[in-house]
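In: Have a look at this fold, sequence not included:
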């Protein structure tokens, strides 16, 4: 919760995509030079400073974070009301995250957004569209960017309001207003936050900000409310993927001399100079060792081989096809309904 | 401005407001209070204090791969205010806050390459925190830069509302539009007594009009089934598949795989009754292609196959991957 930590939290967001973009020849993120002025700013009268709203979360083994953002006001003179609710389930070991976003009211593309990241696979389902899977980009995780606590405003000068217990966690209660954001005369805010006495993470946060065009932009006036709560701290987390999501990453060894490897959720394909017979023998030996049961004897012809395995409610189908320079391997993992 | 001087200023201000002349005792108490608070070390200035405010603009996109002709790329632009008021000692953290209500304009410096949507205001409208959202539409191959800028006008932070105190912030966002192609792999499986699997490894390339096409061979394999002294084997000839697609308004590749017909020759035998052979023809139903120009897109789809002896429903797994090896420019 000091200056150095805050900077580290911002830097990856800015620098990593930039470095990646430099490496790939494309640009993901750019930052301007800072424009600095000296100004008289009023901050809150209290003693509490908490600028990094995600502080302490990385030390938790698991949690459920819920945030409801709601707006009630006008845009260009017309009534506008919307809300977005973010619910994040986060487990550290093994790493798994699930985020749902529900939108209601006057908002573009309403509907439920589902995202999950499990065992190197990232899933996404928007509304009634099919669930798609991808490989997690560890450096640019979408869910990490949408961490609900990241939507909260840090405070300077909040006032202590005593100790309490919230969601079975001992917390310190603080109150603040727009001065805690240095926004006196810009908007009227009323806020409360409850910070874990041990760990320094935000357990609960309520903020109501009433503003006009100076705050929300031309033509917009109203009240924005943030209601954040952290529950299930260090409790087991159960993620549930939509039924049509592909299976996870294929955990199967590669036969010798593999090339052109494509390893994505539920599918592993590659080429190998190893012969069809040897590849088939390789998997007949290796896959059962990983806990899969061969359902029937492999079907082997001069040009193809087919093997089917099961493990729990999952199936693994391996198809080997002989080609001019070796063998093409397709491994597909599916989930039985 | 250090911590102690702030507190001293506050105390003297309060004293002056009450028109009281401090006695030696109150001066001593004030000094003691300063020392005590100094040890706690976190009392901020309750009154206005001159503070360095800095503003910067960030532009970023979740788009990771090459930008293809026809792509629509979402660019989020945020304006941040950084403030570091004195009075908190060395452990002070910088307070970074998004600035809402800033109208941001985007300008494509080489408009032949693409277009950017109209000005947008930073606010709480998107899924991200307080961003102005822009869509860049890639229209031609090449490189360009998008210049974003906006005027930060915050009366509470600059003194009077009409007395100036506004700052322009801006950022340059380079863009490169490349020819693109996609790899499309499908694995289709039917289980009807025996298991039949068709695998296809195809590739689609776009033409100048942005139409993606490709063709591929489908290889087939079927399991041998047997029991009770009888068995059955089937050989399925390789077939072909045609791939077509186009980028939709969201920059998503949308298309289909049309499978050609194939023939299967089956042979059934029993130890006691001898064997017989049968021929069959079947055509798998088309599959839908959905892919993004960034990362793999993996999904499943039910797939029927129509044969001489009926129709069967199976399951296909489709993998669509941008072929970055093919991206040039």
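Out: Thanks, I have the structure now. From a predicted model like this one, the values you see are computed outputs, not experimental measurements. Numbers count the residues shown, from 1 in each chain, chains lettered A, B, ... in the order given.
In: my guess is residue A:214 is in a strand, correct?
Out: No - assessed by DSSP: H, G, I helix; E, B strand; the rest coil, residue A:214 does not belong to a strand; its assignment is helix.
In: What degree of burial does it show, as a neighbour count?
Out: 19 (other Cβ atoms under 10 Å in any protein chain shown). C-betas here are computed from N, CA, C, even on glycine.
In: Could you do residue A:174 as well?
Out: 24.
In: and it, which of the three is it?
Out: strand.
In: From chain B, how far out is it?
Out: Computed as Cβ to the nearest Cβ, to the nearest Å, the residue A:174 to chain B distance reads 12 Å.
In: how about the nearest residue to that residue, chain neighbours excluded?
Out: residue A:158 (3.9 Å; Cβ to Cβ, 6 or more residues apart in numbering or on different chains).
In: For stretch A:48-61, buried residues please.
Out: Of the residues in stretch A:48-61, A:48-57, A:60 count as buried by neighbour count, 16 or more other Cβ atoms under 10 Å in any protein chain shown.
In: quick one on the thing from earlier: which SSE is the residue nearest to residue A:174 in?
Out: Using DSSP states H and E, residue A:158 sits in strand A:155-166.
In: Packing partners of that strand?
Out: If you count contacts as 3 or more Cβ pairs under 8 Å, 6 or more residues apart in numbering or on different chains; DSSP states H and E, strand A:155-166 packs onto strand A:48-50, strand A:169-177, strand A:188-196.
In: any idea of the mean pLDDT for it?
Out: The average pLDDT for strand A:155-166 rounds to 94.
In: Pull the residues that contact it.
Out: For strand A:155-166, the external contacting residues (Cβ atoms under 8 Å, 6 or more residues apart in numbering or on different chains) are A:43-51, A:170-176, A:179-182, A:191-194, A:197, A:203-204, B:44, B:46, B:83, B:85, B:88, B:95.
In: Just the buried subset of the residues you listed, written out for PyMOL, thanks.
Out: Here is the PyMOL command that selects the buried residues among the contacts of strand A:155-166 (16+ other Cβ under 10 Å):
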select buried, (chain A and resi 43+44+45+46+47+48+49+50+51+171+172+173+174+175+176+179+180+181+182+191+193+194+203+204) or (chain B and resi 44+46+83+85+88+95)
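In: so residue A:83 sits right up against residue A:68, yeah?
Out: Yes - proximity of residue A:83 to residue A:68 meets the contact threshold set by Cβ atoms under 8 Å, at 6.0 Å.
In: if I look at the closest residue to residue A:276 other than its chain neighbours, how far off is residue A:215?
Out: Leaving aside its sequence neighbours, residue A:276 sits nearest to residue A:322 (Cβ to Cβ, 6+ apart; 4.3 Å). Per Cβ to Cβ, to the nearest Å, residue A:322 is found 68 Å from residue A:215.
In: Which of the two has more residues huddled nearby?
Out: residue A:215 (24 against 18).
In: what sits against that one?
Out: Contacts of residue A:215 (Cβ under 8 Å, 6+ apart): A:183, A:186-187, A:209, B:100-101.
In: Keep only those of these that are in strands.
Out: residue A:209 (DSSP state E).
In: and the residue nearest to residue A:276, what pLDDT?
Out: 91.
In: Likewise for residue B:121?
Out: 84.
In: Going by secondary structure, residue A:250 is in what exactly?
Out: Counting by DSSP H and E, residue A:250 is found in no helix or strand.
In: My guess is it contacts residue A:262. True?
Out: No - contact criterion Cβ under 8 Å: residue A:250 and residue A:262 do not qualify, at 10.2 Å.
In: Helices along chain A, start to end?
Out: Listed in chain order, the helices of chain A (DSSP state H) span A:3-24, A:142-145, A:213-216, A:276-289.
In: In terms of mean pLDDT, which of these ranks lowest?
Out: Among these, helix A:3-24 scores lowest, with a mean of 31.
In: Let me have the helices and strands packed on strand A:155-166 in JSON lines, adding mean pLDDT as columns.
Out: Below are those laid out as JSON lines (pLDDT from 0 to 100):
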{"stretch": "strand A:48-50", "mean pLDDT": "91"}
{"stretch": "strand A:169-177", "mean pLDDT": "97"}
{"stretch": "strand A:188-196", "mean pLDDT": "97"}
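In: Enumerate the beta-bridge partners assigned to residue B:284.
Out: Counting by DSSP bridges, residue B:284 forms beta bridges with residue B:305.
In: That one against residue B:305, yeah?
Out: Yes - if you go by Cβ under 8 Å, residue B:284 and residue B:305 touch, sitting 4.7 Å apart.
In: Find residues that contact each of these two.
Out: By Cβ under 8 Å, 6+ apart, the residues touching both residue B:284 and residue B:305 are residue B:188.
In: So for these two, which sits in the more crowded spot?
Out: residue B:284 (29 against 20).
In: Enumerate every residue touching the more buried one.
Out: B:188, B:198, B:259, B:303-305.
In: Ok, residue B:251 next?
Out: Residue B:251 is in contact with B:68, B:70-73, B:292-293, counting by Cβ under 8 Å, 6+ apart.
In: so where is the stretch 1-150 of chain A shaky, pLDDT-wise?
Out: A:1-29, A:32-40, A:108-110, A:139-140 (pLDDT under 70).
In: any idea how far chain B is from residue A:71?
Out: 7 Å.
In: wouldn't that residue be in contact with residue A:83 here?
Out: Yes - using Cβ under 8 Å, residue A:71 makes contact with residue A:83 at a distance of 7.4 Å.
In: So between those two, which is more surrounded?
Out: residue A:71 (23 against 16).
In: Show me the beta-bridge partners of that one.
Out: Beta-bridge partners, per DSSP bridges, of residue A:71: residue A:82, residue A:224.
In: and it, what does it touch?
Out: Counted by Cβ under 8 Å, 6+ apart, residue A:71 has contacts A:80-83, A:222-225, B:124.
In: Which of those residues ranks first by neighbour count?
Out: Neighbour-wise, the contacts of residue A:71 (other Cβ under 10 Å) top out at residue A:224, 22 neighbours.
In: one step back: do you know which of the helices and strands packed on strand A:155-166 lies nearest residue A:152?
Out: For the helices and strands packed on strand A:155-166, the distance to residue A:152 is smallest for strand A:188-196, at 8.1 Å, taking Cβ to Cβ.
In: Run the angle between that closest one and strand A:155-166 for me.
Out: 50 degrees (axes from the mean of the first three to the mean of the last three Cα atoms, to 10 degrees).
In: in its sheet, what does strand A:188-196 sit against?
Out: According to DSSP bridges, strand A:188-196 has these partners: strand A:169-177 (antiparallel), strand A:202-211 (antiparallel).
In: Could you dump the ones you listed into JSON lines with distance to residue A:291 added?
Out: Rendered in JSON lines, the data for those read as follows (distance: least, Cβ to Cβ, whole Å):
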{"stretch": "strand A:169-177", "distance to residue A:291": "39"}
{"stretch": "strand A:202-211", "distance to residue A:291": "40"}
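In: With residue A:143 as the reference, name the closest of those strands.
Out: Of the strands paired with strand A:188-196, nearest to residue A:143 by Cβ to Cβ is strand A:202-211, at 18.2 Å.
In: what comes up buried for that closest one?
Out: So, applying 16+ other Cβ under 10 Å, buried residues of strand A:202-211: A:202-205, A:207, A:209-211.
In: Out of the residues you listed, which one has the lowest pLDDT?
Out: The minimum pLDDT among these falls on residue A:211, with 89.
In: Chain neighbours aside, what residue packs nearest to that residue?
Out: Per Cβ to Cβ, 6+ apart, closest to residue A:211 is residue A:187, 3.6 Å.
In: Pull the contacting residues for that neighbour.
Out: If you count contacts by Cβ under 8 Å, 6+ apart, then residue A:187 has A:178, A:209-211, A:214-215 around it.
In: nearest to residue A:279, of those?
Out: Distances from residue A:279 to the contacts of residue A:187, taken by Cβ to Cβ, are shortest for residue A:209, at 62.5 Å.
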